[in-house]
Structure formats: C-alpha cells, structure tokens
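1. pasting the sequence and the predicted coordinates here, then a few questions.
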Amino acid sequence: MKVALGGFGAVGRAVAEALDRGIDGLELVAVSASDRARAEARMSGGFRKVYPVKPLEELQDGADVVVECCPGHLLETIARPALEAGRIVVVVSAGALLANPHLEEIAARTGGRILVPSGALAGLDAVRAAAEGTVESVTISTRKPPAGLKGAPAIEAMGLDLDAVTEPVLCYAGPAEDAIAGFPANLNVAVALGLAGIGTARTMLEVWADPTVERNTHTIRLVSDSATMTMTIEGIPSDDNPRTGRITPLSVIALLKRLAAPMVIGT
Ligand SMILES: NC(=O)C1=CN([C@@H]2O[C@H](COP(=O)(O)OP(=O)(O)OC[C@H]3O[C@@H](n4cnc5c(N)ncnc54)[C@H](O)[C@@H]3O)[C@@H](O)[C@H]2O)C=CC1
Ligand SMILES: O=C([O-])CC(=O)C(=O)O
C-alpha cells in the first residue's frame, strides 16, 4: 500500500521515519509540510530517501492511503479530495470530524473509508465491543501537565496562567462534543471515544491542568450490560510537541500495518 502523509510534525515525522526505515507491505510516497524546505532538509539529514513534498490537496494522487496529521482545521482540505478519489483516509485530528460530517457521506458515496486510530487513548476496542450491547455511561478524565494545554482557546478564555498553576485546576466538565472547539489540539481522544461508544453528546469529559502529573493521563470509565471498565493511559508527551503523546504516531503505524497484514488482532 502506498501511503501519503498530510503533516510533518510530531505525528507525521515519526510515522514517516518508521515508513522510511521499512515496513512490509507499506511504502511512503509523499509528505506534506507547511515549510517545504525544512521538511526536505530534515529528510536529507536522516532519511534513506527524500520523498516528494506535495500540497495537501494532491496527496491522494499515487497513494492508496492518506494520513491526516495536521492541525484539525486542515482536515477537510486533506480528506475531501482523497475521499472523492475513493481513498482510505486515516484521521488523527479526530475532533475535527465533528465539524465535517459530510466527509462520511462522501466516503459512503465513493467507497472511500475514514479510519480513526486509537491515537493517545487506550481501550477503544473494548468500548466498541460494549457498544454493540447496551452502554449506560462513558466518562473520560484528562489530566495534562499545564504546558500541554498551552494555546487552547478555552484556557485563554478562562484567563488561566498555566505557568502559575500549582494545584490541579478543572478547566472543563461536560459533554465531549462541546469541548473540542475550546481544546482543538487536546481532546481528539475524547471525540474518538465518543465515536467508538455512545456518541460525543453522551460521553462526559473532565479536563484538568494538573502540575502533579508529568504525563498526558486519560482515564475512561464505562458501565454497560456486558462489562464495567476503568482504563488509564499515561502517555509520555512527545519531544516535538508536548500536547501530543509519543504513542500517537505509534498508533498510526499499528493501524497502517493492520491494513497490510495477513492476520489482524483486536476488535
Ligand atoms: N487522535 C489522537 O489521539 C491525537 C491527535 N492529535 C492531533 O493530531 C494532529 C497532528 O498532531 P501533531 O503532529 O502533534 O501536530 P504538529 O503541530 O506537531 O504538526 C502539525 C504539522 O502540520 C503541518 N502543516 C500545518 N499547516 C500545513 C499546511 N498548510 N500544509 C501542509 N502541512 C501543514 C506541519 O508540517 C506541522 O508540523 C493535531 O490535530 C493533533 O491535535 C494529537 C495527539 C493525539
Ligand atoms: O496526546 C494526548 O494525550 C491526547 C491529545 O493530545 C489529543 O487528544 O489530541
């Protein structure tokens, strides 16, 4: 399968490096980046090959799979033409799917597919399975080191000085679907959880700026007629972007491998 990457930041670069090192059945064919010269320089510095750097709208040409790993507001720019061309689109900015419901309609019409990786979250396999039965409630509590929430519009609206936070501060409590606008780079996990389970309107979320944690910590609780679950993941922030956990690109790589694998494990 030929893979094109829309974005060359913490997620995109790590996925590109893995594909460049070599994964059976997968071939990197293009990347996209806001600074083309810098992306080319980085590839010349450590990659086996310098891949073409293309505009976001052209990634589907010559690719079977397009991976969206840009800021969420660019999801439509990447996904619409790729889905119109019937491609598989891996969406890392899951939160942006809420503002773009037409993408699923395009996929249904063209035979394209939208795949959302588990990303920085644990347990979506079990949540999806439970949702085949009756789920009573799903909650997620997200605690990030204060620096990981920098730049979020909701934090700016609160007037919270993240550098001065000495105790955990509750920054949001409510439905996941109402939070993504205020935390566009932080709550893709909550939206993915909602989409996997009982919807983002019924999935309840708390967001904490917590100076007592060093990791992006997400705890899911689910009550259903098949199981009760409590799952916590403590993700190490990536060096390039503290908002993004290191496990996120690994989750994309695992998903891409599933596409090419003769045997698939997990729901
Ligand atoms: N689903 C999940 O669990 C998670 C999702 N995310 C989301 O994944 C996305 C990517 O995250 P990161 O890699 O950490 O972000 P990043 O900020 O490190 O990288 C984004 C990259 O987008 C590219 N870009 C920006 N504008 C562009 C343009 N006009 N044309 C081409 N490329 C452009 C740049 O190369 C930039 O480096 C974000 O939306 C983030 O919120 C992040 C962590 C977890
Ligand atoms: O990496 C994380 O912990 C989660 C994250 O940023 C997101 O959901 O966008």
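-> Happy to help now that I have it. Ligands and ions are numbered 1, 2, ... in the order given.

2. for the residue nearest the centre of the chain, give me its contacts.
-> The chain has residue 92 as the residue nearest its centroid, 3.0 Å off, counting by C-alpha atoms, centre = their mean. Residues in contact with residue 92 (C-beta atoms under 8 Å, 6 or more residues apart in numbering) are 7, 11, 67, 68, 69, 117, 119, 188, 248, 252. Backbone N, C-alpha and C define where each C-beta goes, glycine included.

3. let me see the ranges of the helices in this protein.
-> 10-21, 36-46, 75-84, 102-110, 124-130, 153-158, 188-196, 247-260 (DSSP state H).

4. any idea of the mean pLDDT in the shortest one?
-> What that stands for is helix 153-158. Averaged over helix 153-158, pLDDT sits at 96.

5. and that helix, what does it pack onto?
-> Where contact means 3 or more C-beta pairs under 8 Å, 6 or more residues apart in numbering; DSSP states H and E, helix 153-158 is packed against strand 169-175.

6. what is the end-to-end distance of stretch 50-66?
-> 18 Å (C-alpha to C-alpha, to the nearest Å).

7. return the residues of the stretch 151-267 of the chain in contact with ligand 2.
-> 185, 186, 187, 188, 189, 216, 235, 243, 244, 245, 248 (C-beta under 6 Å from any ligand atom).

8. with the stretch 1-150 of the chain instead?
-> Residues of the stretch 1-150 of the chain lying near ligand 2 (C-beta under 6 Å from any ligand atom): residue 120.

9. which single residue of the stretch 1-150 of the chain ends up nearest ligand 2?
-> residue 120 (3.4 Å; C-beta to the nearest ligand atom).

10. can you report phi and psi for that residue?
-> Here is the backbone geometry of residue 120 (degrees, to the nearest 10): phi -90, psi 10.

11. got it, and residue 47?
-> According to degrees, to the nearest 10, residue 47 has phi -90, psi 160.

12. contacts only, for it.
-> 16, 17, 20.

13. quick one: pLDDT of the closest residue to ligand 1 within the stretch 51-200 of the chain?
-> Of all residues in the stretch 51-200 of the chain, residue 119 sits closest to ligand 1, at 2.1 Å by C-beta to the nearest ligand atom. In this prediction, residue 119 carries a pLDDT score of 97.
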